[in-house]
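# fold the following for me, if possible:
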Amino acid sequence: MSRATEDSNRRMLRARDAMDRAYAEPLDVPALARIAQVSEAHFTRTFRATFGETPHRYLQRRRVERAMFLLRETDRSVTEICFAVGFGSLGTFSRTFRSIVGRSPREYRKSAKTTGVPICFAMSWTRPHS
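Purely as a prediction, here's the structure:
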C-alpha cells in the first residue's frame, strides 16, 4: 500500500469516526470534508471507494442501528427515538428505517425479543445490511 493511499484511508477513517461519535448531530458533506481535509467532491468519491457506501448512507445506517437498539431496549416513542438519533422528520426516519431494516420501526419493535444469546451474536444478527 502506498503512502498516499494510507494517508487517504486515515483521512476517511477520521471522518467516519466523527460520524460514529456525533451521529445524532447535523452533519453534512462540507463539515466532514473539512474533518478529512479534502474537497467535498473528493471526499464523497473517496469515502465511497473506501467504505462501499456514500457518507450520507453510512450516517443513515448508523442512526438506524442506534434506533434499533433504542426500540429494543427502551419504551421511548418512535417519534422520540427519531429525533434522538438525528433525523429531522418522522416520515424520513420511517422511510429510511424501512429501506434499511425491511420493516417499519413499530413492526421492528413488536418483533424484537430478547433471545438469551450473547449480545455480540444478537448485534451481529440484527445489524442492518443495506
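# so what's the residue nearest the centre of the chain closest to, chain neighbours aside?
The centroid of the chain falls nearest to Arg62 when counting by Cα atoms, centre = their mean (1.6 Å). Nearest residue to Arg62 in three dimensions, chain neighbours excluded: Tyr23, at 4.6 Å (Cβ to Cβ, 6 or more residues apart in numbering). Glycine gets a C-beta too; all of them are placed from N, C-alpha and C.
# isn't Leu90 up against Ile81?
No - the pair Leu90 and Ile81 fails to qualify as a contact (Cβ atoms under 8 Å) at a distance of 9.8 Å.
# could you chop this structure up by domain?
Here the domain parsing of the chain from automatic domain parsing is 3-52, 63-126.
# mean pLDDT lowest where, among those?
Note on these: lowest mean pLDDT is at domain 63-126, with a mean of 89.
# if we can go back for a sec, of Leu90 and Ile81, who's got more company?
The neighbour comparison of Leu90 against Ile81 (other Cβ atoms under 10 Å) goes to Ile81, with 23 against 15.
# mind listing what's buried in the host helix or strand of the more buried one?
Per DSSP states H and E, Ile81 falls inside helix 78-84. The neighbour-count check on helix 78-84 (16 or more other Cβ atoms under 10 Å) flags Val78, Ile81, Cys82 as buried.
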